[in-house]
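In: Give me a model of this one.
(one chain, ligands or ions: 1)
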Amino acid sequence: MRIDVYTIFPGIFSSPLREGLLGKALQRGVVDIRVHDIRDYAQGKHRQVDDVPFGGGPGMVMKPEPIFEAVLNTLGYRWEELDRLKEEVRVILLTPRGRRLEQSWVKELAEEEHLALICGRYEGVDERVLEHLCTDALSVGDYVLSGGEFAALVVIDAVTRLVPGVVGNRESLQEESFSGGLLEYPQYTRPADYRGWKVPEVLLSGNHAAIAEWRAKKAREWTERQRPDLLGQRGSNEDPRENDPD
Ligand code: SAM
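Out: Residues are numbered from 1 along each chain as shown. So this is what the prediction gives:
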């Protein structure tokens, strides 16, 4: 999978793309992530990437020209090939006005060969970018961040861990939260007794059927308590262990 990121703050990505699973996947070439500075495609002495909003109002808005130029140039498309670009690349604008990202959409994006993520700043991005360059508008949640970079990192992390070869043990993806419409059951590790706080007996029993039953019960109880909205959605009646991300 290839992901191109467009930002005016490329430095934000350096450390997250070097560390952990993602860093290893990049080193091994399982995923190819390229971060582009939108300012490199801005015109004029000051390479201006923002301007005042038409109609007035606070703050600045990101100009369309540098974003179009950055995407077309880096991906190798001409102006008259905008439609083909959108057929071949999923071009996603990060915005709180977008469709909220959920695991089902993450799975869909993980099957794409090529994503492009456009990060906004200031009051947002000139709407013509969304109308004529993007295939999707994506929000990471109902809150406002100062920039799309953090949202892009959320998308990159959530999506790439589903790409085969990124997470070593694929089994761990099958039981985790949202996979079966439920949140995950509680996890414990050694020591079995920490300051008198004991791990539930059943997990030490070696009885796999009893452990599975306990986990399914806990997953349902926890989901009922924390996210009742998930219950009743497709897949929530299923045993989380039976849901394979493939
Ligand atoms: N004025 C905008 C509004 O009210 O919808 C908010 C702009 S925000 C301060 C600047 C940038 O951060 C946005 O253009 C977007 O790229 C990013 N951003 C902020 N919150 C986000 C979210 N929940 N999901 C995705 N991107 C977000």
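
In: all contacts plus neighbour counts: C-alpha atoms, from now on.
Out: Will do.

In: could you list every residue that touches the residue of the chain most remote from its centre?
Out: Distance from the centre of the chain peaks at Gly196, with 39.1 Å (Cα atoms, centre = their mean). By Cα atoms under 8 Å, 6 or more residues apart in numbering, Gly196 lies in contact with nothing.

In: Offset the numbering so it begins at 32, please.
Out: Yep, numbering from 32; the last one is Gly227 now.

In: Quick check: it vs Arg221, distance?
Out: Gly227 sits 13 Å away from Arg221, going by Cα to Cα, to the nearest Å.

In: and if you look at Val185?
Out: From Val185 to Arg221 the distance is 30 Å (Cα to Cα).

In: Between those two, point out the one with more neighbours.
Out: Applying other Cα atoms under 10 Å to Val185 and Arg221 shows that Val185 carries more neighbours, namely 13 against 7.

In: how close does the more buried one get to Leu262?
Out: Taken as Cα to Cα, the span from Val185 to Leu262 is 24 Å.

In: Now do Leu53 against Pro97, distance only.
Out: According to Cα to Cα, Leu53 stands 29 Å off from Pro97.

In: Run through who's touching the longest strand along the chain.
Out: For the chain, the strand with the greatest residue count under DSSP state E is strand 121-131. Residues outside strand 121-131 that contact it (Cα under 8 Å, 6+ apart): 143, 145-151, 155, 161, 164-175, 179, 182-183.

In: 6 Å instead?
Out: Strand 121-131 is contacted by residues 146-150, 165-172, 179 when judged by Cα atoms under 6 Å, 6 or more residues apart in numbering.

In: Tell me the strands beside it, with direction?
Out: Sheet pairing for strand 121-131, assigned by DSSP bridges, gives strand 145-149 (parallel), strand 167-170 (parallel).

In: Let me know the average pLDDT across the shortest one.
Out: Think strand 167-170. Mean pLDDT, computed over strand 167-170, is 98.
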